[in-house]
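1. sequence? don't have it. structure:
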């Protein structure tokens with residue numbers, strides 16, 4: 001087995017794990033921002049606007065650097081970037097932020113991480129891909145764990161209607177992100193990870209700012225300092241860094257495997273929620289976390305070299 005194949009896949013897996021760590025902390029930042037004492041708590045659209053506004057300088061710079069020596073995008077490439085930008089970090093994010101107003105960070109992350117299943121299903125139904133036995137086994141283990149913890153959280157919830165409303169929004173977020181994840185793989189191979197990610201994020205930021213302008217007064221941007229700090233932390237550690245890590249991971253190991261490794265996210269969010277938000281930790285959640293970890297370990301085992309793309313060189 002050539003060393004370069006081993007290196008590309010292992011590096012891709014490491015990037016996917018680090019991205020999961022960053023994304024898992026997003027829900028913690030959101031819940032902390034919602035909990036900042038003030039007469040009118042920050043709303044989901046304003047908080048998402050702050051997150052994207054803090055992120056946009058980095059993406060604008062990366063987009064300029066990635067585009068300056070390359071040929072202009074064709075019309076179909078622009079259409080693809082716009083569609084995926086609207087689906088990914090705008091559509092998925094706004095639905096997720098709304099859902100977090102109703103449910104805990106741990107439950108949000110568990111529901112949101114149905115998207116690996118959806119990503120693989122989209123690939124099979126619309127992109128001519130096939131799911132391997134190892135991927136299916138990892139899915140069964142991971143989602144058995146997620147289902148176990150989800151059933152427990154739903155059982156102990158005081159307001160079942162609020163949980164169902166929040167779960168509905170987060171499930172919609174998962175569907176939106178699954179389409180983004182599935183569509184981003186061919187887009188990254190055509191445009192490169194840095195170029196595609198920067199442009200897609202700029203589209204998402206534009207859509208978010210437009211949404212804010214038509215739905216919220218400008219005065220709502222005036223928030224206490226802790227809200228700005230949580231939004232800044234979310235922009236750096238739960239947006240900029242994991243976004244580029246995810247794209248680089250997809251470049252090396254593909255969208256399906258990146259999504260499967262991302263199932264570490266619910267486990268990390270559960271423990272962050274216990275540590276920082278005081279959310280309960282039970283044996284059900286620990287058992288669910290163990291199953292998720294088992295699934296990630298299964299998908300992380302070495303697969304056949306033929307499973308790797310020919311053009312697996314780093315794009316960032």
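-> Right, received. Where do you want to start? Small disclaimer: the values here were computed from a predicted structure and weren't measured. Residues are numbered from 1 along each chain as shown.

2. the stretch 201-316 of the chain: helices as residue ranges?
-> Remark: helices assigned in the stretch 201-316 of the chain by DSSP state H, counting those that start in this stretch are 225-235, 241-253, 255-261, 264-272, 283-300.

3. which of the ones you listed is buried the deepest?
-> Mean neighbour count (mean count of other Cβ atoms under 10 Å) peaks for helix 255-261 among the helices of the stretch 201-316 of the chain, with a mean of 27. In this view, the C-beta of every residue, glycine as well, is placed from N, C-alpha and C.

4. now residue 203: how far from residue 185?
-> Residue 203 sits 18 Å away from residue 185, going by Cβ to Cβ, to the nearest Å.

5. apologies, that question was intended for residue 271.
-> With distances taken as Cβ to Cβ, residue 271 is found 30 Å from residue 185.

6. again with residue 28
-> For residue 28, the distance to residue 185 - Cβ to Cβ - is 28 Å.

7. likewise for residue 37?
-> Taking Cβ to Cβ, one finds residue 37 at 43 Å from residue 185.

8. quick one, which of the two is more surrounded?
-> Ranked by neighbour count (other Cβ atoms under 10 Å), residue 37 and residue 185 place residue 185 first, with 21 against 7.

9. look up the closest residue to the more buried one, ignoring the ones flanking it.
-> Setting aside the residues directly before and after it, residue 185 is nearest to residue 255 in space (Cβ to Cβ, 6 or more residues apart in numbering), at 4.1 Å.

10. wait, which of the helices of the stretch 201-316 of the chain is closest to residue 62?
-> In terms of Cβ to Cβ, the element of the helices of the stretch 201-316 of the chain nearest to residue 62 is helix 241-253, at 7.8 Å.

11. can you give me the helices for the stretch 1-150 of the chain?
-> Counting by DSSP H, counting those that start in this stretch, the helices of the stretch 1-150 of the chain are 3-24, 26-34, 44-67, 75-85, 93-99, 105-112, 115-126, 133-156.

12. looks like residue 284 contacts residue 150 (just checking).
-> No: look at residue 284 against residue 150 with Cβ atoms under 8 Å: they stay out of range, at 9.6 Å.

13. distance from the chain centre to stretch 140-153, please.
-> Averaging C-alpha positions (Cα atoms, centre = their mean, to the nearest Å) puts stretch 140-153 19 Å from its chain's average.

14. buried stuff in it?
-> By 16 or more other Cβ atoms under 10 Å, the buried positions in stretch 140-153 come out as 141, 142, 143, 145, 146, 148, 149, 150, 152, 153.

15. for those residues, give me TSV that also has pLDDT and distance to residue 222.
-> Below are those laid out as TSV (pLDDT from 0 to 100; distance: Cβ to Cβ, whole Å):
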residue	pLDDT	distance to residue 222
141	82	47
142	76	42
143	78	42
145	80	42
146	75	39
148	80	43
149	72	38
150	70	37
152	71	40
153	69	35
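
16. which of those residues sits closest to residue 70?
-> Of the buried residues of stretch 140-153, the one sitting nearest to residue 70 (Cβ to Cβ) turns out to be residue 142, at 37.7 Å.

17. quick check: that closest one vs residue 223, distance?
-> The value you get for residue 142 to residue 223, if Cβ to Cβ is used, is 37 Å.

18. low-confidence stretches in the stretch 1-150 of the chain?
-> 1-6, 116-117 (pLDDT under 70).

19. wait, isn't residue 180 in contact with residue 84?
-> Yes: taking Cβ under 8 Å as the definition, residue 180 is a contact partner of residue 84 at 5.3 Å.

20. mind pulling up the pLDDT for residue 226?
-> Here the pLDDT value assigned to residue 226 is 94.

21. now do the residue nearest to it when sequence neighbours are not counted: how many residues are near it, please.
-> Leaving aside its sequence neighbours, residue 226 sits nearest to residue 36 (Cβ to Cβ, 6+ apart; 4.7 Å). A count of neighbours around residue 36, defined by other Cβ under 10 Å, yields 16.

22. how near is residue 36 to residue 115?
-> Using Cβ to Cβ, residue 36 is found at 29 Å from residue 115.

23. distance of residue 39 from residue 252?
-> Distance, residue 39 to residue 252, by Cβ to Cβ: 48 Å.
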